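1. Mind looking at a prediction? Sequence and model below.
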Amino acid sequence: MPTLRRTVGAMVRHYREHAKLTQAELGDRVGKSMETIGRIERGTTAPSLQLLEKLADALSVEPRDLLGAGSYPARTRKVDPLAQLIDRLAGMSDEDIQRAEQLIDVAMGWKANR
């Protein structure tokens with residue numbers, strides 16, 4: 001199971017790439033080096049709460065989005081299949097997420113036609 005550090009790192013990378021920013025550009029926006037951004041994205045270091053807020057602001061997202069929580073209510077991850085799915089998707093590339101979405105669309109179509 002991914003650690004919170006890895007989940008945060010994957011979400012920072014996802015939103016940074018979505019914003020078409022380099023690690024250096026994001027680092028400039030939050031006052032950190034490109035190396036620090038890289039360590040956060042790899043999950044080898046965790047940002048402080050203050051840095052998490054700066055990252056969210058620089059990426060135009062809510063801080064909870066970087067935690068992989070989105071707008072979903074908090075539940076115990078051990079029994080929450082949605083949270084487990086989000087954890088699995090968090091580390092995937094945009095291309096892989098699009099493939100997963102296509103599979104979900106097929107599955108939802110199958111369910112609707114039952």
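-> Happy to help now that I have it.

2. List the contacts of the helix or strand harbouring residue 109.
-> Using DSSP states H and E, residue 109 sits in helix 94-112. Contacts of helix 94-112 with the rest of the structure, by C-beta atoms under 8 Å, 6 or more residues apart in numbering, involve 14, 17-18, 89, 92. Quick note: C-beta positions are derived from backbone N, CA and C, even for glycine.

3. Check stretch 20-30 too.
-> By C-beta under 8 Å, 6+ apart, the surrounding residues in contact with stretch 20-30 are 12, 16, 19, 33-34, 36-38, 41, 51, 54-55, 58-59.

4. swap the cut-off to 6 Å and go again
-> Here stretch 20-30 makes contact (C-beta atoms under 6 Å, 6 or more residues apart in numbering) with 16, 33-34, 37-38, 54-55, 58.

5. The worst-scoring helix or strand of the chain on mean pLDDT vs helix 94-112, what angle?
-> For the chain, counting by mean pLDDT, DSSP states H and E, helix 81-90 ranks last in confidence among helices and strands (a mean of 72). Interaxial angle, helix 81-90 versus helix 94-112 (axes from the mean of the first three to the mean of the last three C-alpha atoms, to 10 degrees): 150 degrees.
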